[in-house]
Structures are given as structure tokens and as C-alpha cells.
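S.K.: Build me a model:
(one chain, ligands or ions: 2)
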Amino acid sequence: MRILVTGGTGYIGSHTVVELMEAGHDVIILDNLSNSNEAVVDRIGKITGSRPVFYNLDMRDGEALTKLFENERPEGIIHFAGLKAVGESVAKPLMYYDNNIGGTVNLLKTMEKFGCKNIIFSSSATVYGDPEHVPVTEDCPKGSCTNPYGWTKSMIEQILMDLCIADKEWNVVLLRYFNPIGAHRSGTIGENPNGIPNNLMPYITQVAVGKLDHLNVFGNGYDTHDGTGVRDYIHVVDLAKGHVKALVKLAPGSGLNIYNLGTGKGYSVLDIVKNFEEASGVNIPYEIKEPRAGDIATIYADPSKAEKELGWKAEFGIKEMCEDSWRWQKMNPNGY
Ligand code: NAD
Ligand code: UFG
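M.R.: Ligands and ions are numbered 1, 2, ... in the order given. The predicted structure is shown next:
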């Protein structure tokens, strides 16, 4: 299939491009490099043996997007492009609504103009809010988000659902990711956050490599086995493979489909620290701090729907996730 990957130089996008190319698909990348680096395109070339076509453009630029569609005629879109820093979204909500929602609406209008009505969207477990029960299934009611970033995901899901009701030609897959960590086994591509990382694993790897002094653990009074927050960490390569499998649901008549992409297992912050120390041989000093605003105690997926309908299941365990995050950080201490 001829696939346009928006946000394709980002963390999850770049790993997905590799898996798509290795599965024999034609890939075109679009990214404005606001949170990534063009070097990623060469790194993908190094892994796969061929450099994908890359367009440095902003999805909000209608004219540029139209030209891209005229030149490339994609058959399906995998839509990763978006801003994702929770704290920044609280400080700059308009920037998030403009970029994530405005950009997506612009993309969808262009798709409609060219009769390309097949899209896989990067949603998030954040749309469940604080779930009533775990593991969460796809039919759990969506919850209240605690920040504008989360609302952009929830609202874009709604926009895509409305499109499917209005026009039966649309085929939409909403993939709700849990917590991606890890990197390509080669250490060639990986997560490259700007500034001080917001997320747990890149923070730990930067402590391990000596860039940060210690980890701050946000709260140890939650109702979990050791008091720290529990999440469903998933290897980014497993997540990427989930997108390749989800392409079957872009076949004509598929309509709307929603899948959790997680492992079904929950690990606490301190479990992750321990597993990382074992995998890397490096000690991670930490200090217990106040809970972070908006965090919940526990969330993990019931991923059985994706296994049943897509034949997809996460294969890597926590050991590989930690080893691969560490390999990437060690080989690229300053990112790309
Ligand atoms: P990322 O920041 O590494 O990748 C996103 C890419 O989109 C970046 O390369 C950025 O430059 C690009 N981009 C942003 N705005 C753009 C615009 N207007 N035009 C063109 N390109 C633009 O993030 P990621 O971790 O790879 O996440 C990919 C997607 O998955 C995002 O939509 C994110 O919200 C979603 N998601 C991520 C996580 C996570 O924990 N990483 C969890 C759930 C959902
Ligand atoms: N944590 C710390 N210290 C840190 C960073 C995180 O203790 O420095 C803790 C958090 O309190 C939480 C756990 O580690 O208990 C995981 O935190 P992350 O920030 O890595 O991930 P979140 O579950 O908060 O959020 C992530 C993505 C969101 C996405 C959400 C659900 O960042 O974009 O998963 O998919 F919406």
C-alpha cells in the first residue's frame, strides 16, 4: 500500500516507517521537524536499505499538503503528527488546539478532496481518564481528560467518528496507545526528547548516562503494590507492528474500528527502576516527590480485541524494553 505517514520522523512514527518498509509498503513521510530531526530519514535508510521520500511541511499548510497529495497520491494515511507535551499543553492550550485539531482537520479536508478516506490515528489511553476498572477494554466509557493535550486526542477521535457516520466511504482506525518505551534493537533510532524529559523512561536513561542527577518519583502513596503509579509499558517496535497489522481495517467497508495497543501488564515506577537497573547494570538514584497533577494511580490495557481481530500481540517483555532504551541512549547520548 502507498502510505503517507505524518509525524514520520518522530519517535513512534520512525519505528512504524521501518516496519512498514520492511513489510513491503511504499512510504512517504511528512513532518515539520518541530519535535524531530531530518537525520532520522537517513537512519531509517540505514536500517531498511532505502531512504523514504520526505516532505518537510506543516500539516496546517493546505497548499503544501495539496501539492504533496498531487505528487504522491497516497492510498492511506497513518497520522502521528501532533504536539504531545502534557504540561506545555496546559500552559499553551491554543497552540495545542491549533496544531493538533486544526492540523488534523486540514489533513482530513485534503484527504477528502483527493478521495483518500483511509486513516489510522494515534490516540491514547489518556482518553479513558481515570478508568472505572482495569484492565480497560475499548468499550469502557471515555473519561474526563486532565489537560488540553488529552482533549485534543478525545476530540479528534470524535471528529473521525462523526466522519464515519456522515460518509460510509471513510475507514478509520483509532489506536489507543499505552506507554511506549524502548527503541529499535540496532540502537539506530529511538526517543529523542527536547530538554528535560517529561516521561519516565527517557528520564531514567538520562540519569543512567549521567545527564541528570537522579529520578524524581512522583508520589508513593497510591493504592498500588508499592505506592507508585502503575502503567502498561509497551515496546515501541511492538506498537509499530500494530500499525502494520491495522492496515487490514482500511479495506473498503471497514468503517470505524478502535483498538487498545498495550501488553496487558502493569508495572509501577519502582518496578521499572529495578528492571532498568538489572538490564543496564547501572544504579538509578531516586527521590520520592509529591504526586504530579493529573496523574492517576493505575491504568493498563485489555489488548485482546487487537489480538482477536488483527492477529497482533505485543511480543517484547520489560527486559527487552529496558535493554533497548538503554542501548539507544548509550549509543546516542546527545540524541540525533
Ligand atoms: P513525537 O513528538 O516524537 O512525534 C510527533 C511528530 O509530529 C514530530 O516529529 C513533530 O515534529 C511532528 N509534528 C508536530 N506537529 C506537526 C505539524 N503541524 N505538521 C507536521 N508535523 C508535525 O511523538 P511520538 O511519541 O512519536 O507520538 C506520535 C503520536 O502518538 C502523537 O500524536 C502522540 O500524541 C501520540 N501518542 C504518543 C504517546 C507517547 O507516550 N509517546 C502515547 C499516546 C499517544
Ligand atoms: N513518573 C515519575 N517521574 C518522572 C516521570 C514519570 O515518577 O520523572 C511517573 C508518573 O507519575 C507515572 C509514570 O511514571 O506514574 C509514567 O509517567 P509518564 O509521564 O512516562 O507517562 P504517563 O502515563 O503519565 O503518560 C503517557 C504519555 C501521554 C499519554 C499517556 C497515556 O506521556 O501522552 O501515557 O497513553 F497520554
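
S.K.: and the nearest residue to A208 once chain neighbours are set aside, how many neighbours does it have?
M.R.: In space, and not counting its chain neighbours, A208 is closest to V282: 4.5 Å by Cβ to Cβ, 6 or more residues apart in numbering. Placement of C-beta: from N, CA and C, glycine included. If you count neighbours by other Cβ atoms under 10 Å, V282 ends up with 15.

S.K.: Please report phi then psi for whatever residue of the stretch 151-300 of the chain ends up closest to ligand 2.
M.R.: Across the stretch 151-300 of the chain, no residue is closer to ligand 2 than G229, which sits at 2.3 Å (Cβ to the nearest ligand atom). Main-chain torsions, G229, degrees, to the nearest 10: phi -60, psi 140.

S.K.: Surely it touches D223?
M.R.: No: using Cβ atoms under 8 Å, G229 is not in contact with D223; the gap is 10.5 Å.

S.K.: neighbour count winner among the two?
M.R.: Neighbour tally, G229 and D223, criterion other Cβ under 10 Å: the higher count belongs to G229, 24 against 8.

S.K.: What ranges in the stretch 51-200 of the chain fall below the confidence cut-off?
M.R.: The stretch 51-200 of the chain contains no residues with pLDDT under 70.

S.K.: Enumerate the residues of the stretch 151-300 of the chain near ligand 2.
M.R.: Proximity of the stretch 151-300 of the chain to ligand 2, by Cβ under 6 Å from any ligand atom, involves residues 177-179, 198-200, 203, 216-218, 229, 231, 269, 292, 295.

S.K.: Okay, helices next: where are they in this protein?
M.R.: For the chain, the helices defined by DSSP state H cover 11-22, 39-48, 62-72, 86-91, 93-96, 103-113, 148-166, 200-208, 236-246, 269-280, 304-310, 318-331.

S.K.: confidence score at the residue in the stretch 201-336 of the chain that ligand 1 sits nearest to?
M.R.: Nearest to ligand 1 in the stretch 201-336 of the chain, going by Cβ to the nearest ligand atom, is V236, at a distance of 8.3 Å. If you check V236, the pLDDT there is 99.

S.K.: ok so, going back, what do G229 and D223 both touch?
M.R.: Common neighbours of G229 and D223, using Cβ atoms under 8 Å, 6 or more residues apart in numbering, are A297, T298.

S.K.: For H214, give its distance to H25.
M.R.: Going from H214 to H25 by Cβ to Cβ, to the nearest Å gives 43 Å.

S.K.: And the two? Which one has more around it.
M.R.: Per other Cβ under 10 Å, whichever of H214 and H25 has more neighbours is H25, with 18 against 11.

S.K.: close enough to count as contact, the more buried one and V5?
M.R.: No: H25 lies out of contact with V5 (Cβ under 8 Å); the separation is 9.7 Å.

S.K.: Mind listing the shared neighbours of the two?
M.R.: Contact criterion Cβ under 8 Å, 6+ apart; residues shared by H25 and V5: none found.

S.K.: In contact with the nearest residue to K241 once chain neighbours are set aside, which residues?
M.R.: Among residues not flanking K241 along the chain, E19 sits closest, at 5.4 Å (Cβ to Cβ, 6+ apart). Counting by Cβ under 8 Å, 6+ apart, E19 makes contact with V237, A240, K241, H243, V244.
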